[in-house]
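1. give me the fold of what follows.
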Amino acid sequence: MAQQTHFEEEEKNYKAQHVVEAALFMANKSMPFAELAQLANASEDEISTVLEALKKQLEESDRAVELVVNQEAKTVVMQVKAKWLASVARLTDKIELHKKSMKILALIAKKGELLQSDLRKYFKGDIYEYVGELREKGYVERHKVGHSWKIKPTKKFHEEFQITIAEETPIKQIELAEAKENTEQKSEDKPTTQEGEANG
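-> As a prediction, the model looks like this:
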């Protein structure tokens with residue numbers, strides 16, 4: 001009897017995990033635990049356990065998507081990892097940005113926030129025009145820090161790209177190969193202006 005109960009529990013968890021994964025994929029937005037619980041015919045506590053298992057599974061398999069779980073608000077979103085943003089963003093018809101602007105945005109999203117002056121470590125040429133485009137489109141905001149500006153993604157960015165940068169996520173160094181690719185995009189760069197700080 002105990003063995004049968006254990007089997008039924010495993011089958012229930014298996015079904016719940018797949019229902020939750022399918023729901024998050026189809027929704028393409030943040031979803032509350034309560035709604036997922038209703039879909040999976042499970043309790044919110046069971047959904048919380050299922051989400052942690054699914055999150056771990058996605059991390060360990062090095063997938064291009066991830067789960068961002070907010071236990072306090074009891075919400076979760078499945079999203080493309082910032083690392084792959086520039087490669088697939090063109091599939092979102094809302095987004096109309098220059099290729100270099102998209103690469104800069106992907107880097108800012110990956111870092112969570114970044115000093116504008118640090119962008120020159122990764123990009124050659126006039127970066128201020130592209131930062132200006134991102135600000136004009138409403139995807140980044142900035143505030144003064146010393147002699148530079150700190151840039152970070154806006155709420156509009158998170159909504160349109162379905163990406164949430166978790167506060168506890170450690171900042172990772174962007175791959176050297178990717179940085180090299182960015183610096184070699186000379187054909188996309190315009191001649192450097194006088195730093196264009198007023199425009200950036």
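2. going forward, measure contacts and count neighbours with C-alpha atoms only.
-> Fine.
3. check contacts around residue 116.
-> Residue 116 makes contact with 148-151 under the criterion Cα atoms under 8 Å, 6 or more residues apart in numbering.
4. correct me, but residue 79 touches residue 69?
-> No: assessed by Cα atoms under 8 Å, residue 79 is found out of contact with residue 69, at 11.0 Å.
5. ok, and the helix or strand in the chain with the lowest average confidence?
-> Within the chain, no helix or strand scores below helix 176-183, which has a mean of 48 by mean pLDDT, DSSP states H and E.
6. pull out the buried residues from stretch 57-72.
-> 65-69 (16 or more other Cα atoms under 10 Å).
7. wait, I meant stretch 39-59
-> Buried residues in stretch 39-59, counted by 16+ other Cα under 10 Å: 40, 44, 46-48, 50-51, 54-55.
8. next one: that stretch to chain centre, how far?
-> 20 Å (Cα atoms, centre = their mean, to the nearest Å).
9. tell me the average confidence for it?
-> Mean per-residue pLDDT for stretch 39-59: 91.
10. what comes into contact with that stretch?
-> Identification of contacts with stretch 39-59 by Cα under 8 Å, 6+ apart yields 13, 15-17, 19-21, 33-34, 36-37, 65-69, 71.
11. in strands, which of those fall?
-> Judged by DSSP state E, strands contain the following of those: 65-69.
12. closest to residue 161 among those?
-> Using Cα to Cα, residue 65 comes nearest to residue 161 of the ones in strands among the contacts of stretch 39-59, at 12.5 Å.
13. hmm, residue 78 and that closest one touching each other?
-> Yes: Residue 65 lies in contact with residue 78 (Cα under 8 Å); the separation is 6.7 Å.
14. returning to that earlier point: closest to residue 113 out of the buried residues of stretch 57-72?
-> Residue 113 lies nearest to residue 68 out of the buried residues of stretch 57-72, by Cα to Cα, at 17.7 Å.
15. secondary structure element holding residue 96?
-> Counting by DSSP states H and E, there is no helix or strand that carries residue 96.
16. just residue 109 next, same as before
-> Here residue 109, judged by DSSP H and E, is contained in helix 99-111.
17. past that helix, which element shows up next along the chain?
-> Following helix 99-111 toward the C-terminus (DSSP H and E): strand 114-115.
18. which helices and strands does the next helix or strand along the chain from that following strand pack with?
-> With elements assigned by DSSP H and E, the helix or strand that comes after strand 114-115 is helix 128-137. Judged by 3 or more Cα pairs under 8 Å, 6 or more residues apart in numbering; DSSP states H and E, helix 128-137 is in contact with helix 99-111.
19. name the residues of the helix it packs on that are buried.
-> Buried residues in helix 99-111, counted by 16+ other Cα under 10 Å: 100-111.
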